[in-house]
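*Asks:* need coordinates for the following:
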Amino acid sequence: MRLLFLAVLRPHTGNAVTAQRVRDHLEAAGHVCLLKDACDFDGPSEIAVLIQAEAVEAAVALHLYRAGRLLQGHRIPFGIIFGGTDLNEDVNRGEKNQVMAKVLEEARFAVAFTESMKEMACLQWPHAKGKIYVQSQGIATAPNTAFNWEAFLQRADIKQSTDNLHVFLLICGLRQVKDPLYLVDAFAEWHQEEPTVYMLIVGPEVDPVFTREVKAKVKRATGVRLIPEMPQDDLHAVVQKCFALVNSSVSEGMSAAILEAMDLEVPVLARNIPGNAAVVTHEVTGLLFSDPQEFVQLAKRLLSDPALEKELVANGRRYVRMYHSWRVERDTYQHLVRTLEGSPED
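*Replies:* Okay, the predicted model is just below:
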């Protein structure tokens, strides 16, 4: 089939990485998959032109509102994948909720990353219950083996010897929902008493106004550094070298960075929100914190307890291998896309 795949494709964001991975799954099954950025289209009429020009037979949308709304009314079968903010935020905005309900009515299938996301969707749109499937994100990591960690630290203006350095890594696009400033004050205070700890915030400048605020705050914070976005293989190499991966988001669908850290055998400290708690079991596969002070307490505990670190790493790795298989994800999407073949009457 000739498939149109619509997603929000900001470079190196979770949705973009997911979209590229799912596209690979679909192309491996022999489909032609046109991956397009939903942000490039003002409305369904522009999509109609594209569908005709490219002889598109079916479509997939990642994000029920931002991408899904563009697929309404074209008389081609489509499926959707929930993105995270569609279920965590957009459902609370009346007009968006109504639009999403109509999109879901037309969709042949919908994919949620977690059982809790499926439950939220079923609560909002009970009529769609029979077409919502749960498929965790499949994880595959490939660190750049030639990555120069020492040169990277020099560029980040970290002069501490690597023998006694503990880097806490926060990977996120600079936008408010990721809340990159949540831990900055508490971490800067901790760095002053323990100069071997650093926090690196790595990611694209998504929101220009908020980015200026982040840059100004980080500039004044000791022990905290802001790093521009990086290629995926370099980023995986940085994850592998850091002491722990941190997530401080207000809202998450399913954090690929958390799962990738587990796969790379790096401990995880994550803010206790539903999306994170769905993949991090406290004191089993990682540590969950509810405020900046608790983060510092747990980080200190992790530093002083190698046995705990070892246990979290082993459990995290086992969890990813068991529940986030790349192969199972491929099989699921290839099966679901087959339901888009033919008309609904077939």
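
*Asks:* off-centre distance for stretch 317-333?
*Replies:* Its chain's C-alpha centre and that of stretch 317-333 lie 16 Å apart, by Cα atoms, centre = their mean, to the nearest Å.

*Asks:* that stretch - what's its average pLDDT?
*Replies:* Here stretch 317-333 scores 95 as its mean pLDDT.

*Asks:* measure it end to end?
*Replies:* Taking Cα to Cα, to the nearest Å, stretch 317-333 runs 24 Å from one end to the other.

*Asks:* wait, what's in contact with the closest residue to residue 262 other than its chain neighbours?
*Replies:* Using Cβ to Cβ, 6 or more residues apart in numbering and skipping residues adjacent in sequence, the residue nearest residue 262 is residue 316, 3.5 Å away. C-beta: built from backbone N, CA, C; applies to glycine. Residue 316 makes contact with 261-262, 265, 267-268, 285-286, according to Cβ atoms under 8 Å, 6 or more residues apart in numbering.

*Asks:* just confirm residue 212 is within a helix.
*Replies:* Yes - counting by DSSP: H, G, I helix; E, B strand; the rest coil, residue 212 is located in a helix.

*Asks:* which residues touch it?
*Replies:* By Cβ under 8 Å, 6+ apart, no residues touch residue 212.

*Asks:* repeat the analysis, applying 10 Å as the threshold.
*Replies:* Listed by Cβ atoms under 10 Å, 6 or more residues apart in numbering, the contact set of residue 212 reads 174, 205.

*Asks:* report how many residues lie close to residue 142.
*Replies:* Residues lying near residue 142 (other Cβ atoms under 10 Å) number 9.

*Asks:* now it: closest residue in space, sequence neighbours ignored.
*Replies:* Closest to residue 142 by Cβ to Cβ, 6+ apart is residue 233, at 5.6 Å.

*Asks:* give me the low-pLDDT residue ranges for the stretch 151-300 of the chain?
*Replies:* Applying pLDDT under 70 to the stretch 151-300 of the chain flags no residue at all.

*Asks:* for residue 68, grab the count of nearby residues.
*Replies:* The number of residues packed near residue 68 is 30, by other Cβ under 10 Å.

*Asks:* I misspoke; the intended subject was residue 254.
*Replies:* Count around residue 254 with other Cβ under 10 Å applied: 22.

*Asks:* so it sits against residue 275, correct?
*Replies:* Yes - the pair residue 254 / residue 275 is scored as a contact, 6.2 Å apart, by Cβ atoms under 10 Å.

*Asks:* what sits in contact with each of these two?
*Replies:* Common contact partners of residue 254 and residue 275 (Cβ under 10 Å, 6+ apart): 84, 113-114, 117.

*Asks:* adding pLDDT, write the residues you listed out as TSV.
*Replies:* Output for the shared contacts of residue 254 and residue 275, formatted as TSV (pLDDT from 0 to 100):
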residue	pLDDT
84	82
113	90
114	87
117	89
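
*Asks:* quick one, strands of the stretch 51-200 of the chain?
*Replies:* Along the stretch 51-200 of the chain, counting by DSSP state E, counting those that start in this stretch, strands occupy 58-62, 78-81, 109-112, 132-134, 166-171, 197-202.

*Asks:* mind checking the pLDDT average for the third one?
*Replies:* Averaging pLDDT along strand 109-112 gives 97.

*Asks:* go on, the shortest one?
*Replies:* Across strand 132-134, the average pLDDT comes to 97.

*Asks:* and it, what's buried?
*Replies:* residue 132 (16 or more other Cβ atoms under 10 Å).

*Asks:* got the contact list for the residue nearest to residue 142?
*Replies:* Residues near residue 233 by Cβ under 10 Å, 6+ apart: 141-147.

*Asks:* list the buried residues for the strand or helix carrying it?
*Replies:* Element membership for residue 233, per DSSP states H and E: helix 232-241. Neighbour counts over helix 232-241 (16+ other Cβ under 10 Å) mark 232, 234-241 as buried.

*Asks:* same list, these, but as TSV with distance to residue 248 please.
*Replies:* As requested, these are arranged in TSV below (distance: Cβ to Cβ, whole Å):
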residue	distance to residue 248
232	21
234	22
235	17
236	20
237	22
238	18
239	16
240	21
241	20
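
*Asks:* between those residues, which is closest to residue 335?
*Replies:* Proximity of those to residue 335 (Cβ to Cβ) peaks at residue 232, which lies at 26.8 Å.

*Asks:* could I get the full set of helices for the stretch 1-150 of the chain?
*Replies:* 14-28, 44-53, 85-88, 94-106, 115-124, 149-155 (DSSP state H, counting those that start in this stretch).

*Asks:* deepest-packed of those helices, please.
*Replies:* Among these, the stretch with the highest mean neighbour count (mean count of other Cβ atoms under 10 Å) is helix 85-88, at a mean of 24.
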